[in-house]
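Asks: sequence and predicted model, in that order:
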Amino acid sequence: MKIALLAVISYLIGSIPFGFLLARLKGVDIRKQGSGNIGATNVWRNMGLLSGLLVLVLDALKGALCVWLGRYFAGGDVQLLTALAALVGHSWPVFLRFKGGKIIATALGVFLALDPLITALVVLIWLFVVALFRFVSLGSILAMISLPVFMLVFSRPWEKVVFSVVVAGIAIFKHLPNVKRLLSGTETKIGR
């Protein structure tokens, strides 16, 4: 019962749409701006760097918080369940009729809490790709693909490897419209 309650709480925490709420405070419906996404990148592009960074930090914190909830109240691999619940909440939030974000910032918080070394390597991949190609979406996709690869290379427990594959799969699924735009040459670069 306790584990199910932790999963529900984590889902609800993950469902808090910080990008939507921050934009609403400023009188903007972020879902009707830019890409229509509630995440940090769309907030940054439409409301400024500071607003985007605030959403990034808040979304990451909710992911880390849910890992810590599972770890503290149940221990062991329950932290993976609560982390997954937060990511599902962010992607399909009950508060926004199940239309949410692409999980990158929330996954950043999750993996910072689970494995800071691998997270640092994944962030380096993201930074390199974004600096080279200027596509946030491409950096996010390639960073998420690198996540399970690093988990395997550094011999992490199989539970974390499988978890990272699931998270990467969700992230790539949520980025399919971006993949289509990348392939058609219509994806927006940073600075445009």
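Replies: Received it, and whenever you're ready, just let me know what you need.

Asks: what is the burial count for residue 12?
Replies: 16 (other C-beta atoms under 10 Å). Quick note: C-beta positions are derived from backbone N, CA and C, even for glycine.

Asks: wouldn't it be in contact with residue 88 here?
Replies: No - assessed by C-beta atoms under 8 Å, residue 12 is found out of contact with residue 88, at 10.9 Å.

Asks: buried residues in the longest helix along the chain?
Replies: What stands out as the longest helix in the chain, according to DSSP state H, is helix 49-73. Under the neighbour-count criterion of 16 or more other C-beta atoms under 10 Å, helix 49-73 has 51-52, 54-56, 58-67, 69-71 buried.

Asks: which element follows it toward the C-terminus?
Replies: The helix or strand immediately downstream of helix 49-73 is helix 78-91, counting by DSSP states H and E.

Asks: low-confidence ranges in the protein?
Replies: Applying pLDDT under 70 to the chain flags residues 192.

Asks: please, where are all the helices along it?
Replies: For the chain, helices defined by DSSP H occupy the ranges 2-14, 18-25, 40-47, 49-73, 78-91, 104-114, 116-133, 136-153, 158-174, 176-184.

Asks: of all these, which lies closest to residue 98?
Replies: helix 78-91 (8.6 Å; C-beta to C-beta).

Asks: got the angle for the closest one vs helix 49-73?
Replies: Going by axes from the mean of the first three to the mean of the last three C-alpha atoms, to 10 degrees, helix 78-91 is angled at 150 degrees with respect to helix 49-73.
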